[in-house]
Each structure stands twice: as structure tokens, then as C-alpha cells.
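Novice: turn this into a structure:
(3 chains)
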Amino acid sequence: MEIALTDLAERIGAETPGTPPPELVVRGLAALRDAGEGDLSFFHHPRYAAELKATGATAVLVPPELGADAAPEGVVLLRTESPSLAFDKAARILCADAVRPVAPGVHPSAAIGAGAEFDPAAVSIAANAVVGDGCQIGDGTRIGAGAVLGPGSVVGRDCLLHANVTLYDRTRIGDRVILHSGCVLGSDGFGFEQSGGKHEKIEHFGYVEVGDEVEIGANCTVDRGRFGRTSIGAGTKIDNLVQIGHNVVMGEHCVIVADTAIAGSARIGDHVTMAAQVGVAGHLEVGPFSVLVARTGVTKSVPGGTPEKPAFYAGFPVAPIEKNRRDTVAPRKVPDILKRLKALEAEVARLRGDGDGG
Amino acid sequence: MEIALTDLAERIGAETPGTPPPELVVRGLAALRDAGEGDLSFFHHPRYAAELKATGATAVLVPPELGADAAPEGVVLLRTESPSLAFDKAARILCADAVRPVAPGVHPSAAIGAGAEFDPAAVSIAANAVVGDGCQIGDGTRIGAGAVLGPGSVVGRDCLLHANVTLYDRTRIGDRVILHSGCVLGSDGFGFEQSGGKHEKIEHFGYVEVGDEVEIGANCTVDRGRFGRTSIGAGTKIDNLVQIGHNVVMGEHCVIVADTAIAGSARIGDHVTMAAQVGVAGHLEVGPFSVLVARTGVTKSVPGGTPEKPAFYAGFPVAPIEKNRRDTVAPRKVPDILKRLKALEAEVARLRGDGDGG
Amino acid sequence: MEIALTDLAERIGAETPGTPPPELVVRGLAALRDAGEGDLSFFHHPRYAAELKATGATAVLVPPELGADAAPEGVVLLRTESPSLAFDKAARILCADAVRPVAPGVHPSAAIGAGAEFDPAAVSIAANAVVGDGCQIGDGTRIGAGAVLGPGSVVGRDCLLHANVTLYDRTRIGDRVILHSGCVLGSDGFGFEQSGGKHEKIEHFGYVEVGDEVEIGANCTVDRGRFGRTSIGAGTKIDNLVQIGHNVVMGEHCVIVADTAIAGSARIGDHVTMAAQVGVAGHLEVGPFSVLVARTGVTKSVPGGTPEKPAFYAGFPVAPIEKNRRDTVAPRKVPDILKRLKALEAEVARLRGDGDGG
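Specialist: Predicted coordinates for the structure are as follows:
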């Protein structure tokens, strides 16, 4: 696809200082360092200043305040409040062809259980998918190839379950939810009782409930409640390979980055961010507007912050980020301490008169 | 379902101090803080004392020694040695309806290989499952939708392989084993030989063997042996997203929590516990009755403990837990050390007479 | 299978000091400590010296320089430059029967999309696999049971996609690539824009490209580019449960061990090794010939090394390994520092005359 730059700028709401020639067109999207003639790129962080200065892009989305000399001469700068969001809009226009629309209908190889309720003219169920007995699926929802919906599951409207997703029985999914391939919702919680050196299984009769507009990444696992539900609040986004234990109650609009593990019965407030490889022990509370930086290990509950002042935590065991920074920096002072200690010891020995006489 | 409290207490072996009115019924199960009228709950740890004190449950399972004033007036306390186990028994009674029994039989969409051996009247094979050539499946076993059993695999009696489980060829599974969705048993070990800057693949001809009553969580991976077997001992329970390398020999009745990775050829004794996000390097031994707390990184073999005195380890690199605690606490003393050092330096300078004259 | 030892030695290019009796045969393969009569084993690291000394193997592959007294009398030592590689050759000969060849052809239960291009006489597609519209598959490639190839994917020659692999649309796979079960290529990158406390999804229109001779482990996840590609260079080997973010560019001949997570837009040079549980933050560069030991957390770019002198890094935050070692050892000196500080304080107090008079 090809679109005139002035046309594109108008459609995504970007300003063009000066008037670019009407014959200037954009055909592709690329990062600053990879971009060539015909490509649109974007600049949203000072760390890329050198790449902007050397880019071969035809046009670049930039913040309003950026000077014209930040890019090579001839590169058109399109000004907008959020270059990244504007770039996303441009991508949706330019890549409209790349994404094949999925027609509704049920592939003949899909297995549909007794009493499953959905409108075959409004839902798409791909090859070799399995829809269990008594499932309900809302209009506009697409079920990928090989996906399995356990009996009694309920999936809302306009959801996208990618290939090979697995829902255990009685999973409840809201509207406009995206589940990536290989993610598993509803597996048994990890609960056993010791009995004479053996581990007796505690049955898990609960289920998983996922709010509207949640996105869960590839190969994530979310265990069902022991009884009652494990729940993920509306608008929460979860990256790949994240583990959520049984009976976790996660708030709304959280962001949980890859390889994080949250143990059973933890309660996570709204608007919590967990960077990658975080761990949260069982039965703890992480307050709203907490930001846990990468590899934080939550070993006790943390109160969280406010919309105006999120609370940052770090380290294992967890601490407010400033305290963690001090503790981390401390060991680096030990060599200097040893040097000063040695000097003092020599000085004191001298003062005491050691080795003075002969 | 609804059951009279006196009736339920008798069936799960709990004692009722005083005699609850016969018309008192239980209809649901809930945690102390969520419970309302008609709910049974349980109390098993002092950290929940405040929640017990405020619970709205109709009845709560409690340890024998607990005083009647620990809960609001009117809440019936059912006394039992293990409130958690008794609650599990109650759940099996109350939730019997929620769990649909799976009828034996082979779904027409399942693909059954040549020479596969099982009794179709005693085994359940769900939609779009694939049973490879020459597989054997014991009576009472259920194979979930989309699960794949590689050629020559052997699965024992009364097993439960959830949807989308994958067994590579020649995997051997004992009796009463539970494999959760997305787990993969028998993938090649990660072994290569450097040869001129390239990595030449070492073929893995071995297999995976899983003992009786093992449970393996969702999206776990267990690599096959290079030759011979990778084995998981009877009664061992493995949480989600755990990685077990080629030729690992894991003992019986171990508990391995989420996100743990055990490298190739490690030997893990019986009754070992690994909390979440643990790592074990290759070719090491973790002795029996070892307890590795969360994030322990095993960089050398550890001897383990006894049934009476398990050995606790922590840290990366691994150390006995007391030593790790000392090493962790040490950096926090550096600010105080610096203060005392500065005071000493000033004092010594004064003693030496610096800056005195002038 | 059974093969004369002299015959086997010749076929794998190992030397036999003395001439073993022609009737001596090898039937199996085993580790030194497990080996018995009829087994071939190998010795490649001094840490196994005690096991070699006590082995029950009939024959052992050893390095050329090893003395005859390193093993029990009667054990035949086969000398070779690389015992491990020679053992691999022996395994391929002895286990030829164990590995069933897969006949080409398309299983009737597989779902093949419109316009898919491949030679059914040269390709094997197993039961319940799904090949999307417009896919291309090269000769000699095998697609496992339940695997899903999204529309427009291209898979090269002589690849092996194990059961339940998932490729999203437009994934591009080179020749002789191995993808293990449960791995997911092409899921959306984890990118959102904050907008009024909510997280707006950034659409990902890119794809994943995998070079020749790459191997990717079980349950790995590789996100597609936001636009353009996420790419894995030729010859790179990736262990299980590894996460690769959107737009990562990974070099050739890298080795990435289990549970590692690499965030979006990171650039990884050629010949990089990452041991287990490593993390790399987004937008950073890891130079060629870097070796990141287990649990390294890359928080800033690292320059890397050369073929002759790889650069070793460790710790979180990352540092050259020698610096990390010093920082790690420092806290252990704190108890000694405290002791010396206390002695000095007492001495200085004495010198100052405190408590002297009365």
C-alpha cells in the first residue's frame, strides 16, 4: 500500500511544518536505523537522538517541541503529542492489507460439544478447535485452531483466542479479551497437605474469571481457585510466560511483564506494574499503584501509592526502591572501608607507641 | 447442593461443640473474608485471626484448641485436627455436582495410531486427541482434547492428561498421574558440541519416565535423556512452568514450585522441596530432605538433611540458610560502619595533633 | 542392536590400545555410574574420575592422553579427541532402530488451508495438524500432530516442527530448523500506550524470522515485530521456556539456556551465550562473544569480546565477571570489619584517656 504523506498526516492528526510536496508518499514502516526511502518512522525518546540524526526515513513522527535540525535535511518531521500512538494509527492504515480478516463460521474439523451456545454466523471457530459441552461464546469472537474450551466455559463478545489456547471447565472470559497461543487458564492450584511424608492433593473446585479488555500472553498459566475464583481485573495486560496462582485476585489496569510468578491467594491492587521476572509470595497484598521493578521478590505485603505518586519497590527481599539502592550500593564501599581501616590501625599503633622504640 | 451442618460434620469427622440446630445448612465454600450466610470456611493459620473474628460464615473448621471467642457469636466452630484436609473433604461432598464425570469412550475426531492398546470401554479419549502408534493406555485413564501421545508411549491406570498435553515418543507414565495442559514431556535435551564456532546437535535417544501419583503443572517441560531416562520419582508434585533438563533423576515425594529450572543430569534426592524460581546447575546433587527457599541458585552440591531435621538452603550462590541470612544482612551495616569510621578518623587526627597549632 | 566393539570403534574413528577380543560386543549406552556389561560409556571431564574408576561399562570413550589405570581392569578404553562427539556417533549407530522413520504424507485428519504449497510425497503432516491458507513447506519437513501454521507462513526444507507447535501468520522458518512442542512464534509484542490510566494496545503487524539450523526448545515464546521482524540468526540454539520480545534481533550461533527472557528491541550479537535465568532489558545491545553467566540481569548495553577472548558478564545489575565477584565477596568481610572497628574504638578511647581517671 502507498499513501500520500499529506493525506496520512491528516488522517493520523499530525502537523506538518512547511508543506511537504504532494507527490511524497509513504509505503512502509521502519525503526529509525532501518528506515529507507518511502518509510515512515517515529522518535519518542532522547536515547534515539543519534539514530534520528542519521535516519534514511522519508518522514518521522516527532514530539511538537523538537527542532528541525534534529534530523537530516529533507526528512519530513510530522509533529504530534504522542509519536508512538500516531505511529500505531499509521500502521493500522498502512498494514490493513497484511492482516487477513477472518470470516465467521465453524470449520468442519472443529468439535462442538452438546448444548454449546453461539451464533455460527457471528463467531469464527477454526480448524480442530474443541468447544466443550455447554459453552457460551459471544458474537464477534474468534477461536483459533486447536484451541480447547472446557465444558461450561463462557467467552464474551469480540474476543480473540489464538491457536492452541486451553481453557479448563467453567472458565469465564469477559468482552474484547485477547488470549495468546499456549496460555492455559484454569489448571489446578498447587496445593497439597502433608500426610505421613506424602503429599495429598487438595482438590480445586473453583474457576478462573477474566475481565473485559484483558490480554494474556503466550504460554501463561492461570490456576483456578481452590473454591471460588482466581480473577484478573478488567484492562489488565499480561506478558508471556507469566504464572498466576490459585485464588489470586488481580486488580484492573495492571501490567505484568514476562516471567513473573504470583503465588496463590495474593491480592494485587489496581494499576500495579510488575516488570519482568518478578515474584510475589502467597497470601500477600500488593497495594494499588505499586511499581515493582525487574526481579523484585515480594516477601511481605507492600502498601502501594497513588495515581499522582506511584510507589516504587525493588530487591529481594522487597524494599522501597531508595532503600534497595542504598543496600545495593553499600557493598561497593567495602574496599574503601578496608583501606581506611588499615590506615587507622597503623596510625593508632603509632600513637600507642608500638614499634617506636628499638 | 445443600447439606445439614450436623450431617456434614459427621461425614468429614469434625466435632461440634454444643449441638447446632438441625435446620442449619451449608450451601457453599468460601474464604473467611468472603464468606456469608450458608458458607463453610476454614481457619488454619494465626495470620487469619482477624478475618476469623469478622467472618460472616455460617460455620468454620478450626483446630481443636481454638477458643469459642475467636469467631463472632453465632458462627459454628467445627473442630478437627486438620481444618484444611477436612475442608477438602467437605468440598468433595458439596462440589460433587460441579465436576461432570467423564464417560469412557473415544471421540470420533481423535486419531488413534496403529497397534495402540487400550480398552475403549474403560478409557476416555477426548476430541482431536492423537494417540501414536503402539501406545498403551491403562484403564480409568482420561486423555484430554488435543493431547498428543507420541509413538510407543505407555500411560498407566487412572491417569488424567489434560487438554493439549504433549508426550514425545516412548514416554512412560505410571498410575494415577496428573499432567496439566501444555506440559511437554520428552523434548530433546539441550546438548551441543562446539565445532569450529558452530554448535553440533547431540542426538537424544532417551525418554522420560514418571512415577505413580506424580502431578506436573501447566506448561512444564521435561527433556528426555540423552540416552536412558529422565525420571521423576513417585509422589512428586511439580507446579507450573517448571523446566527439568535431560537425564535429571528426581526422587520421590518432592515438591517443586513454579518457575524452577533444573539443569541436565542433576540428581535430586527424595522429599526435596524447592520453592519458586529456584535454579539448579547441571550435574549437581541436591541431597534428600533439602528445602531450597525461593530463588535459591544451586551452584554446588548440597548434602541435604533428615526427616527430623530438613536442611534449609538459600541464596545465589547457595548456602545454608543461616549463613545466607548473615551475608544478606551485612551490607545494611555499612552506613553505620562509615559513620563510626569517620568519627574514629577525626578522633585519631585530633589525638595526632592535626590542625591543633596554627 | 548389538555390534562388535572393534567394528564400532572403527566406524566412529576411535583408537583401541591393544586389540580387544573380536567377540566383545556393545549393546547399550549408559552413564559411567549406571553402565553394566555390554554398555558403552564416555568420560569427558575430570569431575567424573571417581565414576570412571568404578564403572561397570564394557568400554569407555576417553581422551587420548588418559592413562590405562584410570578405569577398572578389563574395561576397554577407546581413545578419541572428543569422547562426547564420538559417543554421539555411536548412539546414532546403536539407536538407529529406536527412532522410527516418519513416512511422508498428510494424515487425513490434518486441515490444509487454501493455496497451501508443498509436495505431499516429500512432506509429512501428522494427525490434527493445521496448515493455514497460503503456507509454503519445503521438502523433507515434518509437521507434528496438533501443530498449527498460521496463514502465509513459510517453512524451509528438512525442518522438524514437533507436536503442538504454534506459528502465527506470516512466520518465516529457514532450513533444517527444529521447533519443540508448545513453542509459540509470532505472538503480539507486549506494547501499550498509557491513555487516561488505561493501556491502549499497540497493534503488532510484523512477523518472526528464524534462520537455518536454529533449534528452539519446548514452550518458548517469540513475539512478532511491532512492524518488521523479530529475527533469530542461523545456527542459534534456544533451550526451553525462553522468552524473546518483539523486534529482538538475535545473532548467529548463540546459545540461550532455559528460562531466559529478552525484552523487546534488544540486539544480541553473534556467538553470544546466555546461561539459565538471564534477563535482558529492552532496547539494549549485547555485543558478540559475550558470555552471560546464570541469572545475569542486563540493565545496560555490554560491548562483548572476540573469538579468542569472550567477555564474561555476571550479576544484576550486570558487570564484568571479575567486578561482580569482588562486589559479591565484599559483604562477607563486614563481620571482620566490625570486629576491627570495635577494637580500634576501644583503643582510641584508651588513648584519649576515657575512663582512665576515676
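Novice: alpha carbons only for contacts and neighbour counts from here, please
Specialist: Noted.
Novice: from C:H246, how far off is whichever residue of the stretch 101-250 of chain A sits closest to chain C?
Specialist: Distances from the stretch 101-250 of chain A to chain C, computed as CA to the nearest CA, single out A:D239 as the nearest residue at 6.0 Å. According to CA to CA, to the nearest Å, A:D239 and C:H246 sit 11 Å apart.
Novice: what's the answer for A:I268, then?
Specialist: To C:H246, A:I268 is 27 Å away according to CA to CA.
Novice: repeat for A:Y313
Specialist: Using CA to CA, one gets 26 Å for the distance from A:Y313 to C:H246.
Novice: can you check A:D139 too?
Specialist: If you measure A:D139 against C:H246 using CA to CA, the figure is 30 Å.
Novice: compare those two (neighbour count), which wins?
Specialist: Neighbour comparison, A:D139 and C:H246: the larger count goes to C:H246, with 32 against 20 (by other CA atoms under 10 Å in any protein chain shown).
Novice: does the more buried one lie in a helix or a strand, and which?
Specialist: In this structure, C:H246 sits in neither a helix nor a strand according to DSSP states H and E.
Novice: please report how far it lies from chain A.
Specialist: Here the distance between C:H246 and chain A works out to 11 Å (CA to the nearest CA, to the nearest Å).
Novice: what is the burial count for A:P46?
Specialist: The local packing count at A:P46 equals 9, with neighbours defined by other CA under 10 Å.
Novice: wait, what's in contact with it?
Specialist: Residues in contact with A:P46 (CA atoms under 8 Å, 6 or more residues apart in numbering or on different chains): none are found.
Novice: per-residue pLDDT, A:G38?
Specialist: The score at A:G38 is 92. That number is its pLDDT.
Novice: and it, how far from chain B?
Specialist: Per CA to the nearest CA, A:G38 is found 38 Å from chain B.
Novice: so who does that residue touch?
Specialist: In this structure, A:G38 makes contact with A:V25, A:V26, A:R27, A:G28, A:A57, A:T58, judged by CA under 8 Å, 6+ apart.
Novice: report the beta-bridge partners for the second one.
Specialist: Applying DSSP bridges to A:V26 gives these bridge partners: A:I3.
Novice: tell me, how many residues neighbour it?
Specialist: Number of residues near A:V26 (other CA under 10 Å) recorded here: 23.
Novice: I figured it hits A:T58, correct?
Specialist: Yes: counting by CA atoms under 8 Å, A:V26 sits close enough to A:T58 to count as a contact (7.4 Å).
Novice: what is in contact with those two at once?
Specialist: Here A:V26 and A:T58 share the contacting residues A:G38, A:D39, A:L40, scored by CA under 8 Å, 6+ apart.
Novice: just send those back as TSV, with secondary structure too.
Specialist: Written out in TSV, the entries for those read as follows (DSSP: H, G, I helix; E, B strand; the rest coil):
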residue	secondary structure
A:G38	coil
A:D39	strand
A:L40	strand
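Novice: between the contacts of A:G38, which is nearest C:E200?
Specialist: A:G28 (22.6 Å; CA to CA).
Novice: what touches both of A:D239 and C:H246?
Specialist: Both A:D239 and C:H246 are contacted by C:F190, under the criterion CA under 8 Å, 6+ apart.
Novice: and the longest helix belonging to chain A, what does it pack against?
Specialist: If you go by DSSP state H, chain A has its longest helix at helix A:334-352. If contacts are counted by 3 or more CA pairs under 8 Å, 6 or more residues apart in numbering or on different chains; DSSP states H and E, helix A:334-352 sits against helix B:334-352, helix C:334-352.
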